[in-house]
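S.K.: Sequence plus the predicted model coming up.
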Amino acid sequence: MAKVLVVTSGKGGVGKTTSTAALGAALAQSGQNVVVVDFDVGLRNLDLVMGAERRVVFDLINVVQGDARLSQALIRDKRCETLSILPASQTRDKDALTSEGVARVMDELREKFDWVICDSPAGIERGAQLAMYHADMAVIVTNPEVSSVRDSDRIIGLLDSKTQKAERGEKVDKHLLLTRYDPARAARKEMLSVEDVLEILSIPLLGIVPESEDVLKSSNVGAPVTLAAPSSLPARAYFEAARRLNGEKLDVSVPTEKRGFFDWLFKRDA
Amino acid sequence: MPDPVSNAPPAPMRIRARGRSFLALVLSPEAPLPLWLEGLDYQIARSGGLFTGKPVILDLGLLAETTPGLATLMDDIRSRGVRIIGIEGGSRHWPATAHWDWPETLDGGRPAGEVEIPEDPSTSATGPVSGGGTLIIDQTVRSGQSIQHMQGDVIILGSVSSGAEIVAAGSIHVYGTLRGRAIAGVGGQAQSRIFASRMQAELLALDGYYAVTEDIDPALLGQAAQAALNEDRVRVTSLPA
């Protein structure tokens, strides 16, 4: 049975698209069939991060409106054959997405893949609500700062009220992915701590992805960090997050720099 | 020598009068009445305090003298807590309505257009209202959500997030952290209070008087505390451990 996962946040620029690509590639490398779907119609980016921008012919809007078949719009990744992308349109806007059309496409995707990962646009409007509507699970991408946390809280409220599962009286499985975490700044108390964020949002923690140049470099060469730099700290965090999505129980470790003893001292004193 | 002033009849005490307007809801029952009453029950269940404390005018214009169920309609509506202050349409000479307790006719009313009956699924979906009019919410109230309960107390077992809002006619109890806005005692219940296991509220309001975070003693922030009205000011004090 396929699982539909929405990657969402409310706030923009926190790492939704990066995380969609990285989690998709990590799950696909475990042998499961994965499709990543770009719901950010009008501001598409997932194709760039996945390095598929030169192969886009048809897109999600074409399929939703019946102008193209799903198989024509899906692009298979060159590096990992179990990974596909369904790109968004850059020339249209979110009004072109109809809820019936999206429902039909999601049904079709569920039949073909083990994981359908939807990259939500920022905001809480129609585009974001359509992206989350069919979700069984949600990854809420949050940066350790107050505005991001409050927006995530708002999104959690929508996941509990505006999704198909919520309308049926069921719950969407929600997971927190803390991104752009900077251990040095956290030690200086310049960011919210992991505990603070968890206390406010009170949903289970899927992983902590450290702020890292590897993420930026990977995006620029058009590869998910879990494909381009699989041994980097952020890639390891995403691989572990993917295993947790598969139901494995792993302890979440707070990424620390190599001066572990110093951090330990600092923490004890603080 | 008699004092001329004291002999004069005492001046009548001056009566102060001010105008205040309320919007009365005009209810227009339609046949068949049993189904209409079912619909009324449904609306009351969905939008808790819609009729609480509101003046209602009953418009019989859509009914005929012989509509079945007309004789008991007045009691049927009043038994649902709706306060009828006037009747329009129809006539007190109809046999079915002659025994009704007809309120004095009001005049000077102006039509004010259709009233949108608010539906508040957040209230009805998250917690059933118990017998005493208390609303219990089992989970955290998230940013952007608003819980409105115009019948009694609200008890929240989770937290109230920053940007969320609880509005209650009675008191508000939060067993998690209160970070959002709590507005209690709406409708004049000045003895209402707000309790939180961890007080971090953005705004506390009691019967229209309010305080923001800056007004709260910093030593109490994050602690178990309560807010009560004292000489028209919101006072926040710690709760005994």
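M.R.: Good, I have the coordinates.
S.K.: which helices and strands does whatever helix or strand residue B:87 lives in pack with?
M.R.: Using DSSP states H and E, residue B:87 maps to strand B:83-88. On a contact count with 3 or more C-beta pairs under 8 Å, 6 or more residues apart in numbering or on different chains; DSSP states H and E, strand B:83-88 meets strand B:55-59, helix B:70-78. (Glycine included, C-beta is placed from N, CA and C.)
S.K.: and of the ones you listed, who's closest to residue A:168?
M.R.: Residue A:168 sits nearest to helix B:70-78 of all those, at 34.9 Å, using C-beta to C-beta.
S.K.: now the closest one: how far from the chain's centre is it?
M.R.: Relative to the chain's own centre, helix B:70-78 is displaced by 23 Å; criterion: C-alpha atoms, centre = their mean, to the nearest Å.
S.K.: List the contacts of that helix.
M.R.: B:27, B:29, B:33, B:37, B:40, B:56, B:58, B:63, B:69, B:84, B:94, B:96-97, B:99-101 (C-beta atoms under 8 Å, 6 or more residues apart in numbering or on different chains).
S.K.: Now restrict those residues to buried residues only.
M.R.: By neighbour count, with 16 or more other C-beta atoms under 10 Å in any protein chain shown, the contacts of helix B:70-78 hold B:27, B:29, B:33, B:37, B:40, B:56, B:58, B:63, B:69, B:84, B:94, B:96-97, B:100 as buried.
S.K.: mind listing which of the contacts of helix B:70-78 are in helices?
M.R.: Counting by DSSP state H, those place B:33, B:37, B:40 in helices.
S.K.: of these, closest to chain A?
M.R.: Distance to chain A, by C-beta to the nearest C-beta, is smallest for residue B:40 among the ones in helices among the contacts of helix B:70-78, at 25.5 Å.
S.K.: so who does the closest one touch?
M.R.: Applying C-beta under 8 Å, 6+ apart, we find residue B:40 in contact with B:27, B:77, B:80.
S.K.: I'd like to know which of the contacts of helix B:70-78 is nearest to chain A.
M.R.: Out of the contacts of helix B:70-78, the member with the shortest distance to chain A (by C-beta to the nearest C-beta) is residue B:40, at 25.5 Å.
S.K.: Which residue, other than its chain neighbours, is closest to residue B:223?
M.R.: Among residues not flanking residue B:223 along the chain, residue B:238 sits closest, at 5.7 Å (C-beta to C-beta, 6 or more residues apart in numbering or on different chains).
S.K.: Next up, the contacts around whatever residue of chain B ends up closest to chain A.
M.R.: Taking C-beta to the nearest C-beta, chain A has its nearest neighbour within chain B at residue B:142, 3.1 Å off. Contacts for residue B:142 (C-beta under 8 Å, 6+ apart) come out as A:153-154, A:156-157, A:160, B:161, B:164.
S.K.: Could you tell me how far the residue of the stretch 101-250 of chain A found nearest chain B is located from residue B:147?
M.R.: Minimum separation of the stretch 101-250 of chain A from chain B (C-beta to the nearest C-beta) falls at residue A:157, amounting to 3.1 Å. As judged by C-beta to C-beta, to the nearest Å, residue A:157 and residue B:147 stand 11 Å apart.
S.K.: Show me where the chain has its helices.
M.R.: By default, I'm working from chain A. A:16-29, A:46-49, A:60-64, A:70-73, A:99-112, A:126-133, A:146-159, A:164-167, A:183-187, A:194-201, A:213-221, A:225-228, A:233-245, A:260-269.
S.K.: To clarify, I was referring to chain B.
M.R.: So, for chain B - with DSSP H - the helices run B:4-7, B:33-46, B:70-78, B:121-126.
S.K.: Now do the domain split for chain B, please.
M.R.: According to automatic domain parsing, chain B comprises the domains B:16-109, B:122-238.
S.K.: which intervals of the chain have sub-threshold pLDDT?
M.R.: The chain I'm using is chain A. Applying pLDDT under 70 to chain A flags the ranges A:256-270.
S.K.: that's the wrong chain, I wanted chain B
M.R.: B:1-9, B:20-22, B:46-50, B:52-53, B:108, B:115-132.
S.K.: Please list the residues of it that sit near chain A.
M.R.: Contact residues, chain B versus chain A (C-beta under 8 Å from any C-beta of the partner chain): B:121-122, B:125, B:139-140, B:142-145, B:158-159, B:161-164, B:177, B:179.
S.K.: how does it look with 10 Å?
M.R.: B:121-122, B:125-126, B:139-145, B:158-159, B:161-164, B:176-177, B:179-180, B:198 (C-beta under 10 Å from any C-beta of the partner chain).
S.K.: Among these, the buried ones, what's the PyMOL command?
M.R.: Here is the PyMOL selection string for the buried members of these, based on 16+ other C-beta under 10 Å:
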select buried, chain B and resi 122+126+140+141+142+143+144+145+158+159+161+162+163+164+176+177+179+180+198
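S.K.: Filter the residues of chain B next to chain A down to the ones in strands?
M.R.: Per DSSP state E, strands hold the following members of these: B:176-177, B:198.
S.K.: Might you report the residue contacts of the closest residue to residue A:160 other than its chain neighbours?
M.R.: Excluding its sequence neighbours, the residue lying closest to residue A:160 (C-beta to C-beta, 6+ apart) is residue A:166, at 5.6 Å. Contact partners of residue A:166, counting by C-beta atoms under 10 Å, 6 or more residues apart in numbering or on different chains, are A:132-133, A:158-160, A:172, B:125.
S.K.: For residue B:38, see how far away residue B:57 is.
M.R.: 21 Å.
S.K.: more neighbours, the two?
M.R.: residue B:57 (18 against 11; other C-beta atoms under 10 Å in any protein chain shown).
S.K.: In contact with that one, which residues?
M.R.: B:24-28, B:84-89, B:103, B:106, B:109 are the contacts of residue B:57 under C-beta under 10 Å, 6+ apart.
S.K.: The strand ranked longest in chain A pairs with which strands, parallel or anti?
M.R.: For chain A, the longest strand by residue count, based on DSSP E, is strand A:173-181. The pairing partners recorded for strand A:173-181 under DSSP bridges are strand A:137-142 (parallel), strand A:205-210 (parallel).
S.K.: Only alpha carbons, please: show the first one as CSV.
M.R.: This points to strand A:137-142. Extracted C-alpha coordinates of strand A:137-142, given in CSV (Å, rounded to 0.1, in the frame of the first residue of the first chain):
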residue,chain,number,x,y,z
MET,A,137,1.8,11.3,6.7
ALA,A,138,3.4,14.8,7.0
VAL,A,139,6.9,15.9,7.5
ILE,A,140,6.9,19.4,9.0
VAL,A,141,10.1,21.2,8.1
THR,A,142,11.0,23.7,10.8
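S.K.: In stretch A:236-256, which residues have enough neighbours to count as buried?
M.R.: Result for stretch A:236-256 [16+ other C-beta under 10 Å]: buried residues A:236-245, A:252, A:255-256.
S.K.: ok, and which of these reach chain B?
M.R.: Near chain B, by the rule C-beta under 10 Å from any C-beta, you find none of these.
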